[in-house]
Structure formats: C-alpha cells, structure tokens
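1. Predicted model and sequence below, questions to follow.
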Amino acid sequence: MGKGGARPWWRTALSCMRFLATSFVVNVQSALEYRTNFLIQVFGMALNNAAFAAFWAVLLSRTGSVGGYVFTDVMFIWAIVPAAFGLAHALAGNIRSIGQIVQRGELDVYLLQPRDVWLNLITSRTVVSAWGDFLYGFLVIALLPGLSPGRFALFCAMTLTGAAILVAAFSAAESLVFFMGDSSSASGAFTEFLLSFSLYPETVFDRGMRWVFYTIVPSGFVAFVPLAAYKALEWRALALLVPASLAYTAASYALFRLGLRRYESGNQVGTRS
Amino acid sequence: MSPLALVLRKYLVAAFVSLRNKAAYPGNLLGSLLSYAIFVFVFSRIWGTIYSGRAPIAGYDGRMAIWYFIIAEVTAFGFGRFFISLAQDMKSGQVAYLLSRPYDFVLYHYADRMGAAIPEAAVLLALGLSMGATFAGPVPLASIAQAFFLLLSLLLAGSIQFLLQFSLAMTAFWVEENTAFFWIYQKLSLVVGTLVPLEFLPAIAQRLAWFTPFPSIAYAPARIAVAYTPHEALRLAGLQAAWLLASALLCKAVFALGRSRLTVQGG
Amino acid sequence: MAVISARGLGKTFRTKVKAEGFAASVRGLVRPVWRSIEAVRGIDLEVEEGEVLAFLGPNEAGKSTTIKMLTGILRPSLGSATVLGLDPSRDRVALARSIAAVFGQRSQLWFHLPPSDSFRLLGAVYEIDGRELVRRQGELVERFGIGDYMDVPVRKLSLGERVRCEFAASLLHAPRIIFLDEPTIGMDVVAKREIRGLLEEVNKRDRVTIFLTSHDIGDIEKVCKRAIIIHHGSIIVDESMKSLKHRAMSRKIVGVKYAAPARPDIPGLEPIKRTQDAVRYEVDTGRHRIEEVLRFLVAAGEVLDITVEDEPLENIIAGIFEGEDRGASLAAAGRAAAGTRTEAAPPPARDEGREA
C-alpha cells in the first residue's frame, strides 16, 4: 500500500517492464487462439504489399526511376514502413482503437488498474495482421541487394524509432476523441495521409509541402530519413531519429493526459477480448 | 400498375431505401472521398514527376495517365467494397431470413447495393473531374457520345464488380473464412489496369489479362475517357456486356448451388 | 474510520445532440448543439470500514457516475471525495492498488484465455511478486472452488463459473474496498446466489468494505446493511437496511381462503382483491392493529388458509422513487432524514447552442 512515489525509480521501471512483458505474452496467446485467422491476415497483408511491389516493378521497368527513386529505393520504403507499422501495432495494438475504446467507455478497465493508463491501454492488444506487415518488411529487406550486418542493424534500429513515431502519431490523432467526441473520421483521414505519403517517393511532392513530412504527418522520420541513412550506412541519422521519436512520444503522451481529464466514461457493457 | 412495374418497383424502392440509409451517415462518404482525393493527388504527382520532359510511354502522355488513373479509381472506390458487407450478411445468418422473401435474391441485393453505390460513385466522379481539371488540364470529354459511353462503361464496370464480389461472398456457403478470395480479386484488379494503364504491363501479362474480367472493370471506362474512338468504345462496351452476362450467370449458379447446400443442411 | 467520504460531490456531462438525417448531420459537423446533464448534484456520503452498502436508484439516477468518481475513473466537476485517505482523481494509481471494481458484465478476464493467464497478467499489473502470487492464487482457488476451471478458456465457462473466477481475480491484490456496479445483471438465480454468498463471505472474513449498486432487490436484501437511495442525482434516503425494512413491515399483505363462500367486512378497510371464497387486504399497521384485522377475518367463516406477508421491499423502494417524482411528502421526509441538500433542483437537462 502507500503511495508509489517513495520507491526508487528503477524499481518502478523494472515493474513496468515486467508488466509490459507479461501483457505482451498474454496478448500473443490470445491472438494465437485463432491460428487460421492469423495466417489469413498475414497472407492478406503480404498479398497487398506484393501487389504494390508488382505495380512499382511494372512502372519502373518503363521509366527507370521516379523522382530519383529506383526500384530498390522504393522497396526500401516498402520494407521500413510495413516493419515499423507492424511493430507499432504488434506491441501497441490498441493505438488506432483509442477513440472507439474511449467512446464506448471501455477506458474504465484501465483506469481501475494501478498502471499508467496510456501505456496499459495501448499495449493491451496485439493486432494479428500487423505481424504480417512486420515479417513482410524484414522479408523485403532480406531480398534487397547490398544487405550487410551493419545495414541490417541500422534497419532494426530505424524500425524501432519509426514504430515509436507511428505510435505517437496515431495515438495523438485518436486522442482527439476527448476533444471532439467522435474522432473516427479525423483519425481515419490522418492514417490515410500518413500511409499514403510514407509509401511513395518523397521527391514527387513539391518542396513547398515537404515540411509536412517532418511535422504533422511524420513520414520523413519514418521513411525518407531512414532511406538516406540506409543507403549511406549513416549511423549519425539516429542522432536525429532518436530525439525525434522521443519528442513525438512525449507530445502525444501529453495530449492524451490532457484529454483524459475530460473523459466521461459510459454505460456500455461488454467483455474484453 | 402493370405486373412488371410492380415487380420492378420493389427493386427501385430497395435501391432508394438503401440510398437514404447511406445518406444518413455523411461521415462515411467523406472518408471515402478523402481517401480517393489523397490517392489521386499522390498519383498525379507521381505521373507529373515521371512525365516532366519525357515522351509518351506506351501511347500515354502525362495528361492521359492522370486522367486514366482518376477514372479507373472511380470503379475501385465506388464499386470496390461490396464484398465486405455482403460476406458479413452471409456469415451472420441474415441470408436464411432474406431467402423467405418474395424477390430475386441476386437482383434484390444488386438494387440494394447499387442504389447506394451509384450516387457515391457519381460524387467521386465529380471530385475526380475537378481534381483532374486542376492537376492534368481540361476534362478530356469531347462529345456527348463519349460522355454517354463513359457513363455506360462505368455502370457496366460497377455491375460486374458487384456480381463478381457477390459470387465471392457467397462462397461463405462452403468455407467459413473467405476474405482471402476477395483480397486476391481486389489486388489483381488493382494491378491489372487500375494503378497503371493495361498497356504498361509486360506483353505476356497483357495477353493473359484479356482472358480475365479485369479489363472490363477499370481499363474500359478509363480508356474510353482518355483515348475515345467510337469503334474502340463500342468494342469495350461489348466486351463489358459479355462479362456482365457471364458474371450474372456465375452469380446465379453460385447462389443456386449454395442454396441447395443450405437446404440439405436444414438451414 | 470512514474509508469513503464525499463532500458535495457532483458531475455534469456535456454531450453533443445528434440529429437525424443528412442535412442535420452536416449541420451538426459545423455547429453542434450541446446539452449538459447534471448526473450527480453535490452529494454527501460517509462509509465506514467493513460496511456493506447498497446504493440504489432508478436508471440514470447517478449511481454509476458516483462510483466512477469514487474509483478515479471520472473527475468530479463539483466537491471532493476521499477514499482510503486518497483523492481518487489525483492519486488514481495509488488508490487502484487497494480497491477493486466489478462492473456488471465488463470482465477483467481475457475472454479467449484460461483464467490462469489473466491471473498471471493481473499479478504483473498489481506488482504482486511471483511467490506471493502463487500463494494468493492458491488460496483463492481453494476458497472459491475454481481449481477445475483455471485452465479452461473463459469463453467456455458457464456464467456461474466465470463469476467465481471474476471474483477471485478481483480479490487477487487483497483490496480493502470492492465497488460493484450491477454485479448480477443478466444472471440466473443460481449465479446470483453464488455472488451474494461470495460477497458476504468476503465481507465477514476479510473485513472488506462493499459498495454495491444494483437493480436487483434480492442483492440488497440479502447482502447489505445500509441503503442509500439516489434519484435525479441527489440522495433521497440514507438509512439502515433494518429501518428500510421497517417501512416494509409496517405494511402487511393479509390473504385468507375460506372453506365456503364468505364476505368478511372490516370497518375502514377495502380489500385489494376479492373472490367468492378468498380475500386479500393491504394493512397499514399504523392505522389498523393486525390482531383486530385477523379477528374480523376469522369471524367471517371457516378458514382454510391464512397468510400474512411483509410488503416486498421492491414495492417500498419503487414507492420512494415514485413519491420523489411526484414531490410527495414521503420523499421530502426521507430527504430531511438523510440530511441532504434540499434546495430546488434545476431541470435535469437543458439545451444550449454552442459552436465547435
């Protein structure tokens, strides 16, 4: 009993890690209860991504390059974005359900537990199809020519920072639910923007609008900076990406906490699944 | 009222009710308009970049490529998502209840879904035309005949989309999880003639494509919009009509087979 | 020692009014209409350690909102609350370690997994270390007799089995207060009895304070020692279960069946039901002595059977709600007795146009 503030910070951190690990294992177990579904989802994602790979192969065989991007460049962003997107939804499967959960008053369950609400909420599910995205990203990077242990390590590190930025961005869009009541259209639009702008060459867009990729729709930090860093095997990129991911996460967390003060619960009944 | 008018009326009413129902949730339409707009914007930039200072590719210049994409995506966004709700109806047991009603099962669903989809596609088309006018230059419609063929071709494309997706959805009579079939269908139609003009595909892929319904779904209306000749328009519309008939027969057959299975199992 | 106390606790919600139709929906996007609802209007409340309290009221009375403010889910818009010496909205995490909440059908067990997995996760959530977790879980498994279901996915358990696991799970971190919001909603008689038994046991053995809201009068009669009735967001009755029952006992339902057709006549009392050979009276024992009534009945003919029942508690409570709605004197008396604020309440909802 007593207040948590008296404990050394490392004990709190340790307990938090233990909780997250247990939570993750339980989520995966729950998802694996539906193996067929899992396989179908993984297949569907791989199929979707393969369709776009086919499109780029067809297009680039005609044009050679698009805005300076050759086939391997496009495939790199089609590796890092699905990998980061997949990791984000595998570890924090509830990020794009925050709005729905809040609207249905299902946040109560998390508010009743002695844990940070945001962390507890977003990590309490794993999205099965995200595993497909994650695996697909690594499959593509494995098939790309020029892979070395150093590049692979850099790719993994940038997948982590990318995932953190995506979690922060999606969570921020979903947190609008506290202020708007129904944020589903706004958040859906944001997801469209983020994915659409991350999966195509940055150079096709006017210079005048590229600043967006380094602010509201952080495609630049998820896809384009990693592409340049990967090609040049430039580890110093992490000196930009790590602080950026921390800043996005902190801002998004603050927005959620601000919104939480306005939470109004609800009267729905339901079970956790 | 004549007996035929009575029969037709129920499908018209179904279509209107469905439209009204859809109109009650403008948010959903906004979402689909936005996705379409982003997609068109991104691809207009891609084509713009590709064609800056380059000769036509496979007979398409930059303006044609953008207009092609705009029209092809109308069939993908306006008529591309019937499967999801149809499959849901199949799985939820809604079917058994609908079977007892005095109407043609396929035709009723056609009226119901198209009633909502056609106006939505019209809004998408209007948005596409205005975006195209901004990014690619004047609307490529030169004559009333071309406009007529474009609308006819879009309507045929939408109908084929519906019938094929309904056939796929009805595989729920046999297999529990049939979403994967739809995905394959959806991605094939995306690659075959939606994201890039059919003529961009490698020669062998093009030849194979003509044996599939996919050119009738996206290529036909898009081609009529960007490279209209009366002769080709007539040929494409004829091909679409043939595929419409084929997919209607397929749909009827799948329904008949599935229904007999339902009866054998005792509902 | 008071484990829960509230001073002028209140909550006002603001919701968007949704209109039907396309045009109205579009208008709603541009210029939404807001409506504010005063769910709880400044209530005062004290609960002692080890009490079993029934928190009653019709739908929308403010029961759930009050519980949610006391557990830290909702921020009060008025007044303050102290639970176990903590401010629920400020010290939510610390408070969560020592309370539990069971919210109707909202489960804390993972639906697709066996309870043992949920227990493991809850152990991590509440920071119970490995050995302690094994010990506590073993104890609860034995106490609730759930050993056989611990490894069966929750979706395959019967409602009664699930309820027992649910209860055991909510006791895993040894809470000092349990809040229950409609714990028996949707349950059959057996499962309901199960819950009530468990509640009594937990209260007696662990001296856990129980704060229960329910529609089900059975829950309350069987388990609770004190009842608070809330209506339109204000407390209208706060008294012991005994005195509430006293109100019930001052009204008796007397029924008689005669061997042959009979027509008893009691001065000043009309039967509520009469057939040729049977009769039923509702007797207010403040006005008619029961002994006297019986004498009249027996005198009227050869009695085959006679029953004297208390008026069901459900009727009494319904009477209080109705009385409150009509502004009747009973409610006013109840309010005065409860010592709650009695100023004229504003209407429950008002519309106000407001820009987004």
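-> Thanks, I have the structure now.
2. and the residue of the stretch 151-273 of chain A nearest chain B?
-> A:V204 (4.3 Å; C-beta to the nearest C-beta). (Glycine included, C-beta is placed from N, CA and C.)
3. And the stretch 51-200 of chain C, by the same measure?
-> C:H112 (16.9 Å).
4. Now for that residue, how many residues are close by?
-> 18 (other C-beta atoms under 10 Å in any protein chain shown).
5. For it, which non-adjacent residue is closest in space?
-> A:E33 (4.3 Å; C-beta to C-beta, 6 or more residues apart in numbering or on different chains).
6. going on from the helix or strand that contains B:D112, what's the next piece of helix or strand?
-> Element membership for B:D112, per DSSP states H and E: helix B:105-135. Next helix or strand after helix B:105-135 toward the C-terminus (DSSP H and E): helix B:144-169.
7. Let me see the mean pLDDT of whichever helix or strand comes after that following helix.
-> Elements were assigned by DSSP H and E; along the chain past helix B:144-169, the next helix or strand is helix B:179-191. Averaged over helix B:179-191, pLDDT sits at 91.
8. residues of helix B:179-191 that come out buried?
-> B:179-183, B:185-191 (16 or more other C-beta atoms under 10 Å in any protein chain shown).
9. What of stretch B:8-16?
-> B:10-11, B:14-15.
10. That stretch near chain C at all?
-> No. Judged by C-beta under 8 Å from any C-beta of the partner chain, stretch B:8-16 and chain C are separated, with a smallest distance of 13.8 Å.
11. Identify the residues contacting that stretch?
-> Contact with stretch B:8-16 is made by B:1, B:103, B:107-108, B:110-112, B:114-116, as judged by C-beta atoms under 8 Å, 6 or more residues apart in numbering or on different chains.
12. thinking again about what came up before, what is the nearest of the buried residues of stretch B:8-16 to C:P153?
-> The nearest member of the buried residues of stretch B:8-16 to C:P153, counting by C-beta to C-beta, is B:A14 at 42.0 Å.
13. Just read off the phi/psi values of B:W174.
-> phi -110, psi -50 (degrees, to the nearest 10).
14. From what I see, it and B:S260 are in contact.
-> No. Look at B:W174 against B:S260 with C-beta atoms under 8 Å: they stay out of range, at 11.7 Å.
15. list the contacts for the residue of the stretch 51-200 of chain C closest to chain B?
-> A:30, A:33-34, A:273, C:153-155.
16. If we use 7 Å, what do you get?
-> The contact partners of C:H112, by C-beta atoms under 7 Å, 6 or more residues apart in numbering or on different chains, come to A:30, A:33, A:273, C:153, C:155.
17. Need the buried ones from those residues selected in PyMOL.
-> The buried residues among the contacts of C:H112 can be selected in PyMOL (16+ other C-beta under 10 Å) with this line:
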select buried, (chain A and resi 30) or (chain C and resi 153)
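18. JSON lines please, covering the contacts of C:H112 and showing pLDDT and distance to A:F138.
-> Output for these, formatted as JSON lines (pLDDT from 0 to 100; distance: C-beta to C-beta, whole Å):
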{"residue": "A:S30", "pLDDT": "81", "distance to A:F138": "24"}
{"residue": "A:E33", "pLDDT": "75", "distance to A:F138": "25"}
{"residue": "A:S273", "pLDDT": "33", "distance to A:F138": "29"}
{"residue": "C:P153", "pLDDT": "88", "distance to A:F138": "32"}
{"residue": "C:R155", "pLDDT": "86", "distance to A:F138": "33"}
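19. Relative to C:L70, which of the contacts of C:H112 is nearest.
-> Among the contacts of C:H112, and counting by C-beta to C-beta, the member closest to C:L70 is A:S273, at 27.7 Å.
20. In a strand, C:R263, correct?
-> No. Counting by DSSP: H, G, I helix; E, B strand; the rest coil, C:R263 is not part of a strand but coil.
21. any idea how far it is from A:A251?
-> Noted for C:R263: a distance of 84 Å to A:A251, by C-beta to C-beta, to the nearest Å.
22. Over to A:D116?
-> 16 Å.
23. next one: B:R261
-> Where A:A251 is concerned, B:R261 sits at a distance of 56 Å (C-beta to C-beta).
24. how about the helices of the stretch 1-150 of chain A, start to end?
-> A:9-32, A:35-63, A:71-91, A:98-103, A:108-111, A:117-122, A:128-143, A:149-175 (DSSP state H, counting those that start in this stretch).
25. Quick one: residues contacting C:V3.
-> C:47-49, C:83-84, C:176-177, C:209.
26. With secondary structure and distance to B:Y60 as extra columns, can I get those residues in JSON lines?
-> Shown next, in JSON lines, are the contacts of C:V3 (DSSP: H, G, I helix; E, B strand; the rest coil; distance: C-beta to C-beta, whole Å):
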{"residue": "C:V47", "secondary structure": "strand", "distance to B:Y60": "77"}
{"residue": "C:E48", "secondary structure": "strand", "distance to B:Y60": "82"}
{"residue": "C:E49", "secondary structure": "coil", "distance to B:Y60": "81"}
{"residue": "C:V83", "secondary structure": "strand", "distance to B:Y60": "71"}
{"residue": "C:L84", "secondary structure": "coil", "distance to B:Y60": "73"}
{"residue": "C:R176", "secondary structure": "coil", "distance to B:Y60": "74"}
{"residue": "C:I177", "secondary structure": "strand", "distance to B:Y60": "72"}
{"residue": "C:T209", "secondary structure": "strand", "distance to B:Y60": "76"}
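27. Considering those, which possesses the most neighbours?
-> Of these, with other C-beta under 10 Å as the count, C:V83 tops at 26 neighbours.
28. check contacts around that residue.
-> Going by C-beta under 7 Å, 6+ apart, the list of residues near C:V83 reads C:3-4, C:70, C:95, C:99, C:177.
29. In stretch A:15-29, which residues are buried?
-> Neighbour-count burial for stretch A:15-29, counted by 16+ other C-beta under 10 Å, picks out A:15-16, A:19-20, A:22-24, A:26-27, A:29.
30. How are the helices of the stretch 51-200 of chain C distributed by residue range?
-> Counting by DSSP H, counting those that start in this stretch, the helices of the stretch 51-200 of chain C are C:63-70, C:92-96, C:115-125, C:130-144, C:159-171, C:189-206.
31. A:R151 contacts A:L233, correct?
-> Yes. Here A:R151 lies in contact with A:L233, judged by C-beta atoms under 7 Å, at a distance of 6.0 Å.
32. Show me which of these two is the more surrounded one.
-> A:R151 (16 against 13).
33. which residues does the more buried one contact?
-> Residues near A:R151 by C-beta under 7 Å, 6+ apart: A:230, A:233.
34. what about it, distance to A:A232?
-> Distance from A:R151 to A:A232, by C-beta to C-beta: 10 Å.
35. Between helix B:144-169 and the helix holding B:D112, find me the angle.
-> Per axes from the mean of the first three to the mean of the last three C-alpha atoms, to 10 degrees, the angle that helix B:105-135 makes with helix B:144-169 is 130 degrees.
36. Mind putting the helices of the stretch 51-200 of chain C into a markdown table with mean neighbour count, distance to chain A and mean pLDDT?
-> A markdown table is the format used below for those (neighbours: other C-beta atoms under 10 Å in any protein chain shown; distance: least, C-beta to the nearest C-beta, whole Å; pLDDT from 0 to 100):
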| stretch | mean neighbour count | distance to chain A | mean pLDDT |
| --- | --- | --- | --- |
| helix C:63-70 | 27 | 5 | 89 |
| helix C:92-96 | 21 | 4 | 91 |
| helix C:115-125 | 22 | 4 | 89 |
| helix C:130-144 | 15 | 10 | 90 |
| helix C:159-171 | 22 | 9 | 86 |
| helix C:189-206 | 17 | 15 | 83 |
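37. of the contacts of stretch B:8-16, buried ones?
-> B:107-108, B:110-112, B:114-116.
38. between those residues, which is closest to C:I37?
-> After measuring those against C:I37 - C-beta to C-beta - the closest member comes out as B:A116, at 35.0 Å.
39. Name the nearest residue to that closest one, ignoring sequence neighbours.
-> B:K22 (4.0 Å).
40. Equivalent analysis for B:L107, please.
-> B:Y11 (6.0 Å).
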